[in-house]
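> give me a model of this one.
(2 chains)
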Amino acid sequence: MIHEFTKGLFKENPIFVIALGLCPALAVSTQVVNALGMGAGVIFVLLGSNIFVSLLKDFIPEKVRIPAYIVIIASFVTIVDLVMQAYAPSLSRSLGVFVQLIVVNCIILGRAEAFANKNTLGSSVLDALGMGIGFTLALLLIAFIREVFGAGTITLFAFGSFDGVIEIPGLSESPARVIGLATGAMLVMGYLQALFNWMGTRRAGKPGSTAQDGAGGAAA
Amino acid sequence: MKIPSLVVIGGKLALICTVAAVILGLVNAVTAPVIVENQAKALARGLAVIADQSGVPGAQVGEASTISDSTVVQTAYPITGTDGAAVGFILQLVGVGYGGDMQLLAGYYPTGELFSAQMMENQETPGLGKKAEAPEYMEMFIGSGADAPIPTSKSDLPAGQADAITGATITFIGVARALADGSGLARELEGPATGGAQ
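Next comes the predicted model:
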């Protein structure tokens, strides 16, 4: 059962292997703090929607399952949005419209349709946590590379006298701005996907592995 | 498909929607007052910061006046010194950015010169248009509006500042045009009595 959790971290990583949720991933990965906020939001919505879809899978009629899933997902996204506006207004301002756009993040609907409506509650919870954490780690990696090279900074949450911004000597004065722009997002994403493909292919080539082990996401 | 099965399917979907609506209503009831309070605090903080930057010690922000004849300027707050003399105005402006409307607070002297500005609520892209929220972003506009016009295109800016707005030109134009309109209106307003305001 632990496989349901671990598969989302690497073998079926939502961003690098399954290639779902790329639009918000590219859009918000300009700062590390955005990746943390977006990741937390996606984990919460994914967990909530997987739990409810799994619990209601026998109640929801087959013909209207997609509208029903969308209602469940949109409800959780709205809850995240309202709670962030009320209790984390600076993070809400920072993420802007991308919080509302979690509702159209393909990972959420994809896991509801491909996993939660066919599996038990326990498996669905582990799947949501694995996929959500895998999405967050991937987003953090992209954001870290883009912010360090594109802006020469690492932006975290501000607390006390710490303003949340770590400036990297040398890079902060003359960053490679293109890495912070849309073009840089595509480049970083492309290189990281190539790295994950290569690692998956290497794993598939090991004795005792099957090709499907290495390209589990594509098969899924 | 038979009518009874349609009713069952529609009924189940309606039930899910109803439960979702009730839950969202409860969440909204809890969070709405906090959100309104946050917005009021953010506005009060913004007004205080801008009044401080007018350069007049102890400058006070007066009562808000609604501006009815402008689509860009929503509200005007007169600023007065400790002796009651008019210092200028803080205007609440609406600019059009990449993600829709952007709320701005801008402080002007009666000559139309901008002395401070802050981006408030907006839906600009994180890491690009959102950079306009940083206080240093507004430095490219500060001091203009009276003798020198407020820069409203990339070509009006020095090379270093033009680079800084790369990737967020629409945000820059939205902010610049709103600030320029505000500057024009600040020149028309006659004093704390707010001629032109209602």
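
> whatever residue of chain A ends up closest to chain B: neighbour count?
Chain B sits closest to A:T30 of chain A, with a gap of 2.2 Å, by C-beta to the nearest C-beta. C-beta coordinates here come from the backbone N, C-alpha and C atoms, glycine included. Other residues lying near A:T30 total 29 when counted by other C-beta atoms under 10 Å in any protein chain shown.

> got the residues of chain B near chain A?
Residues of chain B found near chain A (C-beta under 8 Å from any C-beta of the partner chain) are B:8-10, B:12-13, B:16-17, B:20, B:23-24, B:27-28, B:30-32, B:34-35, B:38, B:42, B:99, B:121-128, B:130, B:133, B:163, B:166-167.

> next, the buried residues of stretch B:165-185.
Within stretch B:165-185, the residues scored as buried using 16 or more other C-beta atoms under 10 Å in any protein chain shown are B:165, B:167-168, B:170-185.

> helices - which of the residues of chain B next to chain A land there?
Cross-referencing these against helices under DSSP state H gives B:8-10, B:12-13, B:16-17, B:20, B:23-24, B:27-28, B:30-32, B:34-35, B:38, B:42, B:163.

> PyMOL command for the buried members of the residues of chain B next to chain A?
In PyMOL, this line selects whichever of the residues of chain B next to chain A come out buried by 16+ other C-beta under 10 Å:
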select buried, chain B and resi 9+12+13+16+20+24+27+31+35+38+42+99+122+123+124+125+126+127+128+130+133+167
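
> might one say that B:K154 is in contact with B:F172?
Yes: using C-beta atoms under 8 Å as the test, B:K154 is close enough to B:F172 to be in contact (7.1 Å).

> which neighbours do the two share?
Residues touching both B:K154 and B:F172 by C-beta atoms under 8 Å, 6 or more residues apart in numbering or on different chains: B:I165.

> so in chain A, which helix runs the longest?
Looking across chain A with DSSP H, the single longest helix is helix A:121-151.

> quick one: strands adjacent to the helix or strand following that helix?
For helix A:121-151, the following helix or strand on the C-terminal side (DSSP states H and E) is strand A:153-155. Here strand A:153-155 is paired, per DSSP bridges, with strand A:165-167 (antiparallel).

> what count of nearby residues applies to A:G160?
Quick note: A:G160 (other C-beta under 10 Å) scores 5 neighbours.

> before we move on, what SS does the residue of chain A closest to chain B have?
What DSSP: H, G, I helix; E, B strand; the rest coil gives for A:T30 is coil.

> pLDDT score assigned to it?
What the model reports for A:T30 is a pLDDT of 86.

> then A:F157?
On pLDDT, A:F157 comes in at 80.

> which residues does it contact?
Counting by C-beta under 8 Å, 6+ apart, A:F157 has contacts A:33, A:36, A:91, A:164.

> so which of those is the most crowded?
A:V33 (23 neighbours).

> what's near enough to touch the residue most central in space within chain A?
Centre of chain A computed as the mean C-alpha position; nearest residue by C-alpha atoms, centre = their mean is A:F135, 2.7 Å away. Contacts for A:F135 (C-beta under 8 Å, 6+ apart) come out as A:8, A:13-15, A:21, A:25, A:39, A:42-43, A:46, A:107.

> likewise for A:I142?
Contact analysis of A:I142 by C-beta under 8 Å, 6+ apart lists A:15, A:25-26, A:29, A:35, A:185, A:188-189, A:192.

> want to throw those into TSV with secondary structure and distance to B:P149?
Shown next, in TSV, are these (DSSP: H, G, I helix; E, B strand; the rest coil; distance: C-beta to C-beta, whole Å):
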residue	secondary structure	distance to B:P149
A:I15	coil	46
A:A25	helix	41
A:L26	helix	37
A:S29	coil	37
A:A35	helix	40
A:A185	helix	35
A:V188	helix	40
A:M189	helix	41
A:L192	helix	46
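
> where in the chain is pLDDT low?
Using chain A. Low-confidence segments of chain A, defined by pLDDT under 70: A:206-220.

> oops, I was thinking of chain B
The model of chain B has pLDDT under 70 over residues B:1, B:127, B:160, B:163-164, B:190-198.

> can you point me to the longest strand in it?
The strand that spans the most residues within chain B, counting by DSSP state E, is strand B:86-97.

> alpha carbons only: can I get it in PDB?
Output in PDB follows, covering the C-alpha atoms of strand B:86-97 (Å, rounded to 0.1, in the frame of the first residue of the first chain):
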ATOM      1  CA  ALA B  86      -3.300  71.600   2.700                       C
ATOM      2  CA  VAL B  87      -0.400  69.300   1.800                       C
ATOM      3  CA  GLY B  88      -1.900  67.300  -1.000                       C
ATOM      4  CA  PHE B  89      -4.100  64.300  -1.700                       C
ATOM      5  CA  ILE B  90      -4.000  60.600  -1.600                       C
ATOM      6  CA  LEU B  91      -6.000  59.100  -4.400                       C
ATOM      7  CA  GLN B  92      -7.400  55.600  -4.700                       C
ATOM      8  CA  LEU B  93      -6.800  54.600  -8.400                       C
ATOM      9  CA  VAL B  94      -7.900  51.700 -10.600                       C
ATOM     10  CA  GLY B  95      -5.500  50.600 -13.300                       C
ATOM     11  CA  VAL B  96      -5.900  47.900 -15.800                       C
ATOM     12  CA  GLY B  97      -3.200  45.200 -15.700                       C
END
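
> next helix or strand past that strand?
strand B:100-108.

> quick one: that next one to strand B:86-97, angle?
160 degrees (axes from the mean of the first three to the mean of the last three C-alpha atoms, to 10 degrees).

> same for the next helix or strand along the chain from strand B:100-108, what does it pack against?
Later in the chain than strand B:100-108, the nearest helix or strand by DSSP H and E is strand B:114-119. Strand B:114-119 sits against helix B:3-52, strand B:100-108, helix B:169-188, with contacts defined as 3 or more C-beta pairs under 8 Å, 6 or more residues apart in numbering or on different chains; DSSP states H and E.
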